[in-house]
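**Student:** From the sequence below, what's the structure:
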Amino acid sequence: MAGGLAAAVAFSLAACGSDPDAAAVDGGGVGTAEKPVAIRMLANDAFARQWQEQMVPEFNKVYPHIKVTIDGVPYGDLLAKEMLELTAPEPTYDIVLADDPWIPQLAKTGGLLDLKADLGRYTKPDYDWADFNAGPLAAGEWQGKQYGVPVRSNLLLMFYNRSLYAKAGVPEPTPALTWAQYLEQAPKLVQDTNGDGKPDAWAVGTYFTKDALTPTIWQTILNSNGGQLLDADNKAAFHTPEGVAALQTHIDLLKYAPPGAATYQFNEPLEAFRQGKTATMFMWGSVYRGTAIDPKTTTLKPEQVGIQVMPVGSAGAGAHRGMWSAAVAKKSKQSEAAWALVQWLTSKEGEKWQSGTLGVFPARTSTLTSTPAQPWLAPVFKAILDGYAAMEKGRMWRPRLPEADAVQQILATQTSRAMSGQATADQALQTAADEIDKLLKSKGY
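**Tutor:** Sure thing, here's the model as predicted:
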C-alpha cells in the first residue's frame, strides 16, 4: 500500500505542480522514449471514454511519449469539480473541458492559461487561429484572452422525419420555415400511422421540464426575433412582448408533443424521435450520428432524417451555441504536453479525423467547406454553417458572465413554472427578470 501511495503521489506531482507560474518557466516538454510525460484531462463522461479509447491512440501516433488519462464526470457534477480543481493547491488535472457558458467562471479563478499568450511559443506555425469560425472560438474567450479552444462544437438544430412528413402530407421544412408556419403545420403532424384510430406519432419533442438547458429553446426563439437576455449594462432585457411571445411559442409546442412530454429533458425527446414517434425534434446537432446513422441507437435510416437551422423569426433563423472548449490549467507542470494534445485535437488534421471518425462537429471553416470523409456529413456541414451564421448574427448563446450558471438556473426555474401552468409566460419572465437583476446587482453589475 505504501508503494502504491508513493507511486500515486509521484504521478500526481508529475502531472501538476503548485507553482502557478511553472508553465511560464518551463512547459515540461513532450517527453522522450526514456522519459515519457503524463497528463490528465477532466471531461464530460458522455464522451470521455470514447476519447480515451479512440482519440488518444490516434494522438499517440504523433506524440508517442505523452501518456494521456481522461477521467469522465457526469455533466451535472463537472463544473463544481473543475472549480475545486482550479483553486486547489495541488490539482490533479492538466486539461479541463468547459461547456459553453463556463469559461468566464473558470477563468475568474485565475487557474487557466491564456492559450495565445502563455502557450504561444508552443503553438505550431500552421495551427491557423483565423481558420476557426468566429462564433465557436468566442466561446473560449473572456476579457480579451483566449482561455479555451473548441474541441466539440455544438448548436441547437431542427431534426425532421421525412417519412412522417410525407405520411401527413406536409411539405418538408426548409431553412425559410417560420415559427408561425411551423405551428400551423403541427396539428397535421399529430397522426395515426397504424390505422387504429389513435395518434401514435406527434409533431415535436424537445426540452420542456425544468433543466438548465430548457431555456435555450425559448431563448433561441427570442433571439430569432431580435431579442436578447441581457442588455449592454447586463440588465434583464427579455421581459418584453417579444420575450413573452417567444416563451408562449415554446409552451404551445406541448400541444403537439407526445403524452408526458411535459417531463422531457434530453433523453426523452431523443428516444421518441429515434423511435419514429415525433416528426420534428429541436435538439443539439451532435446527436445526429446516433439518430440517423448508428443502427445500435436508432430505428431510423439516414434517408429518413433531415437536419437544418431552427425556424425563422422576425430577425432571422434560429440556432444556439453549445461549444465544449478545452482549457489548460495554469498550475500544470506539463503545459506543453497538455497544449500539444489540445492543439492536435483542434488542428485541421485532428478536427477532420474527429469529424470523420467520431462524427464530432467541426469549428474550422476549412473543415466545414471541404468534402467530408463520410457522405452523411455533407448535409450536416451545411446545417452547421447555416447555424453558425445565424448564431453569430443573433448572438445566440448564454450570458458571457461568471454568473452565467446562476442566471441559467433562474431561467430554468421560472420558465418551468410557465410550462407547468403555475404561472403565465408574462408572470414567469417578470419574476425571472427581477431575480436576475437582483443577482447581478449584488455582483457589482
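
**Student:** Following the chain onward from the host helix or strand of Gly135, which element is next?
**Tutor:** Per DSSP states H and E, Gly135 falls inside helix 134-138. Next along the chain after helix 134-138, taking DSSP H and E as the criterion, comes strand 141-142.

**Student:** The very next helix or strand once past that following strand pairs with which strands, parallel or anti?
**Tutor:** Downstream of strand 141-142, the first helix or strand assigned by DSSP H and E is strand 145-146. Paired strands of strand 145-146, with direction, are strand 141-142 (antiparallel) (DSSP bridges).

**Student:** residues in contact with the helix holding Gly135?
**Tutor:** Trp129, Gln146, Val149, Pro150, Ser153, Arg321, Met323, Ala363, Tyr388, Met391, Glu392, Trp397 (Cβ atoms under 8 Å, 6 or more residues apart in numbering). C-betas here are computed from N, CA, C, even on glycine.

**Student:** Check the model's average confidence along that helix for me.
**Tutor:** Helix 134-138 carries an average pLDDT of 95.

**Student:** same thing with stretch 363-381?
**Tutor:** Rounded mean pLDDT across stretch 363-381 is 93.

**Student:** Now do the buried residues in that stretch.
**Tutor:** Ala363, Arg364, Thr365, Thr367, Leu368, Pro372, Leu377, Pro379, Val380, Phe381 (16 or more other Cβ atoms under 10 Å).

**Student:** can you list the residues that contact it?
**Tutor:** Contacts for stretch 363-381 (Cβ under 8 Å, 6+ apart): 128, 131-133, 136-137, 150, 153, 285, 288-289, 292-293, 302, 306-307, 323, 346, 348, 351-352, 355-357, 359, 361-362, 384-385.

**Student:** For Val170, give its distance to Asn194.
**Tutor:** Separation of Val170 from Asn194 (Cβ to Cβ, to the nearest Å) stands at 19 Å.

**Student:** on that earlier part again, could you tell me which of the buried residues of stretch 363-381 are located in strands?
**Tutor:** Within the buried residues of stretch 363-381, no residue falls in strands by DSSP state E.

**Student:** Would you reformat those residues as TSV and include distance to Arg49?
**Tutor:** Output for the buried residues of stretch 363-381, formatted as TSV (distance: Cβ to Cβ, whole Å):
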residue	distance to Arg49
Ala363	22
Arg364	25
Thr365	30
Thr367	24
Leu368	27
Pro372	25
Leu377	23
Pro379	28
Val380	23
Phe381	26
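
**Student:** Can you tell me which of those residues lies closest to Ala279?
**Tutor:** Pro379 (17.7 Å; Cβ to Cβ).

**Student:** Could I get the contacting residues of Ile410?
**Tutor:** Contact partners of Ile410, counting by Cβ under 8 Å, 6+ apart, are Ala432, Glu435, Ile436, Leu439.

**Student:** the strands in the stretch 101-250 of the chain, which residues?
**Tutor:** 141-142, 145-146, 149-152, 156-161, 202-205 (DSSP state E, counting those that start in this stretch).

**Student:** and Val170 and Asn194? which has more neighbours close in?
**Tutor:** Val170 (19 against 8; other Cβ atoms under 10 Å).

**Student:** ok, the more buried one touching Pro187?
**Tutor:** No - using Cβ atoms under 8 Å, Val170 is not in contact with Pro187; the gap is 10.0 Å.

**Student:** hey, what's in contact with both of the two?
**Tutor:** Looking at what touches both Val170 and Pro187 (by Cβ under 8 Å, 6+ apart), there is no common residue.

**Student:** how close does the residue nearest to Thr216 when sequence neighbours are not counted get to Pro175?
**Tutor:** Closest residue to Thr216 apart from its sequence neighbours, by Cβ to Cβ, 6 or more residues apart in numbering: His320 at 4.9 Å. For His320, the distance to Pro175 (Cβ to Cβ) stands at 16 Å.
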